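Asker: Attaching a predicted model along with its sequence, questions to come.
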Amino acid sequence: MSKKDDLVPEDLGTDREKEIGQHIGYRYDVNLVPDYNRLTPFLKKYLETMEWKDLNWLEDVHMGYEEDRPAVFDRNINGWVTVPEDMDLPDNQQDRDMIARELLVKFQMSQRHPMVILEENYGKF
Amino acid sequence: MATLEKSFDAGLHSEQLSGRTQQTFFSAAEEENFVYPYNAFKVERDKKAEFDAQDLDSNTINLKIRKLMSEGHGHIVVKNPRAKHSIGVGILNRLTLDFKGSLGYFGCGLIDGPNIHISGRVGWSFAENMMAGTIVVEKNAGSTFGAAIRGGDLVCKGDVGSRTGIDMKGGTIIVGGRTGTLTGFMMQRGRMIILGDAGPNLGDSMYDGTIFVGGKIDSLGVDAVPGEMTDLEAKWIEGKLALYGLEAPKGAAKLQKIVAGKKLWNYDNLEPTEKKIVL
């Protein structure tokens, strides 16, 4: 096998992926329908507080990967937030997605969120 | 494939992209909190206020809503909005907001959390950049309805103009009636349910996301192709429509599903490689 072929993963799906020799990550699971039986207690309370009958914006939140580590994309900072190594994750995507949603909401509402620092430094109102 | 050969020869496919990650980590010790720590207010669900916007300008209306939220009002009723522009914008917390009348252009933009009801019509670019929450418009809407929406449920029970959901990046747009030309133009993610007819060039240049149409489609745009409806999707659509008192005319399973043909995927990781070759 040539050096060029070594660089191309075997399980590329679309013609476009084969052409560029790489996966296009966001193609996967973008519309995975949530299983509401797997809501965490935190998410149940969040939805009740917000008065939403379903997951609303969290329908689009899934557990993904960044540099081979489980991570969640935070649209408010346009970047991935990584799950700590010592956190055990379940072995199915539905439960992982629910944990991703809980972690993201908690992070966005926390004082540690980069938007807090941004607002302190650049907020006009 | 000349370009591909050239990029392999240059050894560029082994490059690791960097600079995208924020190097930020979750903490397991995060406290439970449902209010943003910036520009948001903790409001009480049952604390209600209402005011007449008849003689107020847009800025004053927005400031009044903000003041009421800062006082803890979780339910605000605005009477006589009289199609004024850019009102009900930038609300980042839970809130029940009722507009008794119609809104002008750029109404309810940049919201992240509230549940809004409009008894009348809305103008251009309604709910642009909506992040989360629910909005229900009882009558018709103008063009670019839900432009660049990123999350939440945006519902218009009547007809909407052209370019509905242009550049949408998430969330769900539901149209009870018809939609105009170039609906879903450059759609990148999310879901759109049109229960009536769709105008020409539906889903033009869409990269991803899904459009469901109950009526007639005038024509599909570039790289928009029919998809195969799954039982899971039909069930999801039925549930979503039921939340807003709507249903597909012939059942959710009979909706036409439109997805991206994915022939326009010519960016992402290849982009820096191509730039280097050009340079």
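Answerer: It's in.
Asker: Which helix runs longest in chain A?
Answerer: helix A:93-108 (DSSP state H).
Asker: B:Ala253 is in contact with B:Phe212, correct?
Answerer: No. Counting by CB atoms under 8 Å, B:Phe212 stays clear of B:Ala253, with 10.5 Å between them. Every residue, glycine included, has its C-beta placed from N, CA and C.
Asker: So the residue in chain A that chain B sits nearest to: helix, strand or coil?
Answerer: Closest residue of chain A to chain B, CB to the nearest CB: A:Trp57 (3.0 Å). Using DSSP: H, G, I helix; E, B strand; the rest coil, the structure places A:Trp57 in helix.
Asker: related to what we said a few turns ago, of B:Phe212 and B:Ala253, which one has the most company?
Answerer: Shown here are B:Phe212 and B:Ala253; by other CB atoms under 10 Å in any protein chain shown, B:Phe212 has more neighbours (21 against 14).
Asker: do you know how far the more buried one is from chain A?
Answerer: As judged by CB to the nearest CB, to the nearest Å, B:Phe212 and chain A stand 11 Å apart.
Asker: Excluding chain neighbours, what is closest to that residue?
Answerer: Leaving aside its chain neighbours, B:Phe212 sits nearest to B:Leu255 (4.3 Å; criterion: CB to CB, 6 or more residues apart in numbering or on different chains).
Asker: Can you pull the phi and psi angles for that neighbour?
Answerer: Phi and psi for B:Leu255, reported as degrees, to the nearest 10, are phi -70, psi 150.
Asker: re the thing from before, name the residues contacting each of B:Phe212 and B:Ala253.
Answerer: B:Met229 (CB atoms under 8 Å, 6 or more residues apart in numbering or on different chains).
Asker: picking up where we left off before, just give the nearest non-adjacent residue to the residue of chain A closest to chain B, would you?
Answerer: Closest to A:Trp57 by CB to CB, 6+ apart is B:Gly151, at 3.0 Å.
Asker: so that neighbour sits right up against B:Thr134, yeah?
Answerer: No. Counting by CB under 8 Å, B:Gly151 stays clear of B:Thr134, with 10.7 Å between them.
Asker: Test my guess that B:Lys47 contacts B:Gly72.
Answerer: Yes. Using CB under 8 Å, B:Lys47 is in contact with B:Gly72, at 5.4 Å.
Asker: And what about the spatially closest residue to A:Thr82 that is not a sequence neighbour, helix, strand or coil?
Answerer: Distance criterion CB to CB, 6+ apart; nearest residue to A:Thr82, sequence neighbours excluded, is A:Ala71 at 4.6 Å. Here A:Ala71 is recorded as strand under three-state DSSP.
Asker: Where do the strands of the chain begin and end?
Answerer: Picking chain A for this. Secondary structure of chain A, counting by DSSP state E: strands at A:64-66, A:69-74, A:79-82.
Asker: ah, I was thinking of chain B
Answerer: Using DSSP E, strands in chain B cover B:24-25, B:44-52, B:73-79, B:96-100, B:112-118, B:132-137, B:153-156, B:169-175, B:189-194, B:210-213, B:224-226, B:256-260.
Asker: quick one, which of the ones you listed is packed in tightest?
Answerer: strand B:153-156 (a mean of 27; mean count of other CB atoms under 10 Å in any protein chain shown).
Asker: For it, what is the distance to the chain centroid?
Answerer: Taking the mean of its C-alpha atoms, strand B:153-156 sits 8 Å from the chain's own mean (CA atoms, centre = their mean, to the nearest Å).
Asker: So out of everything in chain B, what residue is nearest chain A?
Answerer: Nearest residue of chain B to chain A, counting by CB to the nearest CB: B:Gly151, 3.0 Å away.
Asker: and that residue, what is it in contact with?
Answerer: Contacts of B:Gly151 (CB under 8 Å, 6+ apart): A:Asn56, A:Trp57, A:Glu59, A:Asp60, A:Arg75, B:Met130, B:Met131, B:Ala132, B:Gly170, B:Gly171.
Asker: now swap in B:Ile61 and tell me
Answerer: B:Ala53, B:Val78, B:Pro81, B:Lys84, B:Ile87.
Asker: Grab the nearest non-local neighbour of B:Lys64.
Answerer: B:Phe51 (6.1 Å).
Asker: Distance of that neighbour relative to B:Val77?
Answerer: 8 Å (CB to CB, to the nearest Å).
Asker: Am I right that B:Asp167 is in contact with B:Ala147?
Answerer: Yes. Counting by CB under 8 Å, B:Asp167 touches B:Ala147, with 6.3 Å between them.
Asker: Show me where chain A dips below the pLDDT cut-off.
Answerer: A:1-32, A:125 (pLDDT under 70).
Asker: for it, what spans make up the helices?
Answerer: So, for chain A - with DSSP H - the helices run A:3-6, A:15-20, A:41-50, A:93-108, A:114-122.
Asker: same question, the stretch 101-250 of chain B
Answerer: Assigned by DSSP state H, counting those that start in this stretch, the stretch 101-250 of chain B shows helices spanning B:231-243.
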